[in-house]
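Peer 1: Sequence first, predicted coordinates after that:
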Amino acid sequence: QSSPAPVMNAEKNDAVFQSFGGKAGISKIIDDFLVIWHADPRISAKLEDADVPHLALLLKEQITHLTGGPGVYSGKDMKTVHDGMNLRNVDFNALTEDLQHAMDKNDVPSRAQNKLLAKLAPMQHDIVTK
Ligand code: HEM
């Protein structure tokens, strides 16, 4: 006999993902985020050698996962990826601001934004090396 409990849990853990507009919402937010990043003189140079379509794909997977959506993140761990980029706290903060602009532009409620930002904050330690 099937129990309703796992379904209820799934719905509960899904709330942030739904606030982001699900897969379509996250896809749009990341596309907007990359446009904003490209236009941000503080960190645009960091994208010069990047494979942006690949980065977009992995960011969509990662944010889907972090907001409680379906699927897996297939990329590398944050320390391995950003090692050697000489990233500073100001770079991390600029990127976070750009992401917030993208979330604002897409009307993500601030409570849901803060849930995601709280998951990104501990990554700063692995990403910032300088
Ligand atoms: C919370 C902060 C961040 C998160 C969640 C994040 C996430 C990611 C992810 C998922 C990837 C792709 C991993 C892979 O290729 O396997 C990546 C790559 C990359 N990230 Fe970050 N990142 C963060 C901060 C930053 C910052 C602050 C910068 C620079 C300003 C940056 C620049 C890059 C670049 C240049 C790549 C490589 C793209 C390429 O070579 O194709 N990241 N990041």
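Peer 2: Received, thanks.
Peer 1: how about the residues of this structure near the ligand?
Peer 2: When proximity is defined by C-beta under 6 Å from any ligand atom, the chain lies next to the ligand at 43, 46-47, 50-51, 54-55, 58-59, 62, 75-76, 81-82, 87, 91-92, 95, 120, 123, 127. (Glycine included, C-beta is placed from N, CA and C.)
Peer 1: Just the buried residues out of the residues you listed, in ChimeraX syntax.
Peer 2: Per 16 or more other C-beta atoms under 10 Å, the buried members of those correspond to this ChimeraX selection:
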select :43,46,55,58,59,62,82,87,91,92,95,120,123,127
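Peer 1: Now intersect the residues of the chain next to the ligand with the helices, please.
Peer 2: 54-55, 58-59, 62, 81-82, 91-92, 95, 120, 127 (DSSP state H).
Peer 1: Any stretches of the protein with poor pLDDT?
Peer 2: Residue ranges of the chain with pLDDT under 70: 1-12.
Peer 1: Not counting sequence-adjacent ones, nearest residue to the closest residue to the ligand within it?
Peer 2: The ligand sits closest to G75 of the chain, with a gap of 2.9 Å, by C-beta to the nearest ligand atom. In space, and not counting its chain neighbours, G75 is closest to L58: 4.0 Å by C-beta to C-beta, 6 or more residues apart in numbering.
Peer 1: With D32 instead?
Peer 2: Nearest to D32 is A102, by C-beta to C-beta, 6+ apart, at 4.3 Å.
Peer 1: so that neighbour touches I29, yeah?
Peer 2: Yes - using C-beta atoms under 8 Å as the test, A102 is close enough to I29 to be in contact (5.1 Å).
Peer 1: For L116, give me its contacts.
Peer 2: By C-beta atoms under 8 Å, 6 or more residues apart in numbering, L116 lies in contact with 16, 20, 63, 66-67, 103.
Peer 1: Most neighbours of all the residues you listed, which one?
Peer 2: Neighbour counts for the contacts of L116 peak at F20, which has 28 neighbours (criterion: other C-beta atoms under 10 Å).
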